[in-house]
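In: Sharing a model prediction with you, sequence too.
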Amino acid sequence: MLKSEILNAPLLGALATCGHTDTVVIADCGLPIPEGPAVFDLALVQGLLSFEQVLDVLTRNMVIEHSTLATEAKGGSVQELCESKGLELGFISHEELKAELPAAKIIVRTGESTPYANVILHCGVAF
């Protein structure tokens, strides 16, 4: 049995397959989800699970080289949360961010309803 704080077995298994440069997206409940990536829908009701809750767990359990936010999120609470986790941030337009979604390996959908509460986490290596 693995020792991990992540209890969602399918999500934990998918994360274990990630390698350097793979991307994992944390998505708010309004982001359009494309066909292709593995999707883990953790939304229960609006606000649960929150972007912050999912970000907390994933940043503790992944090696993240850098991350990407929409420029529309600049200066807001989403940027502050990402910076508080020590994430190196890059910015692209929200339309460009949506265009990157089909290439993601994993999308984790939250119940978050804060505008532009989406982040692309770029996997790094632990060595």
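Out: Done, it's in.
In: Could I get the average pLDDT for the helix ranked longest in the chain?
Out: Longest among the helix segments of the chain by residue count, using DSSP state H, is helix 51-61. For helix 51-61, mean pLDDT rounds to 97.
In: Which strands and helices lie in contact with that helix?
Out: strand 23-27, helix 77-84, strand 119-123 (3 or more CB pairs under 8 Å, 6 or more residues apart in numbering; DSSP states H and E). Where C-beta positions appear, they are placed from N, C-alpha and C, glycine not excepted.
In: Out of these, which is the most enclosed?
Out: Among those, the stretch with the highest mean neighbour count (mean count of other CB atoms under 10 Å) is strand 23-27, at a mean of 25.
In: Report the angle between that strand and helix 51-61.
Out: Strand 23-27 and helix 51-61 are oriented at 160 degrees to each other (axes from the mean of the first three to the mean of the last three CA atoms, to 10 degrees).
In: Give the residue spans of this structure that score low on pLDDT.
Out: Counting by pLDDT under 70, the chain has low-confidence residues at 1.
In: Run a quick neighbour tally on the closest residue in space to residue 56 that isn't next to it in sequence.
Out: Taking CB to CB, 6 or more residues apart in numbering, and ignoring the residues beside it in sequence, residue 56 has residue 85 as its nearest neighbour in space, at 7.4 Å. By the criterion of other CB atoms under 10 Å, residue 85 has 15 neighbours.
In: Could I get the helices and strands packed on helix 51-61 in JSON lines, plus columns for distance to residue 112?
Out: Formatted as JSON lines, the helices and strands packed on helix 51-61 follow (distance: least, CB to CB, whole Å):
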{"stretch": "strand 23-27", "distance to residue 112": "8"}
{"stretch": "helix 77-84", "distance to residue 112": "9"}
{"stretch": "strand 119-123", "distance to residue 112": "11"}
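In: between these, which one is nearest to residue 95?
Out: strand 119-123 (13.7 Å; CB to CB).
In: Just give the nearest non-adjacent residue to residue 87, would you?
Out: Spatial nearest neighbour of residue 87, excluding adjacent residues (CB to CB, 6+ apart): residue 67 at 4.5 Å.
In: now swap in residue 116 and tell me
Out: residue 73 (4.0 Å).
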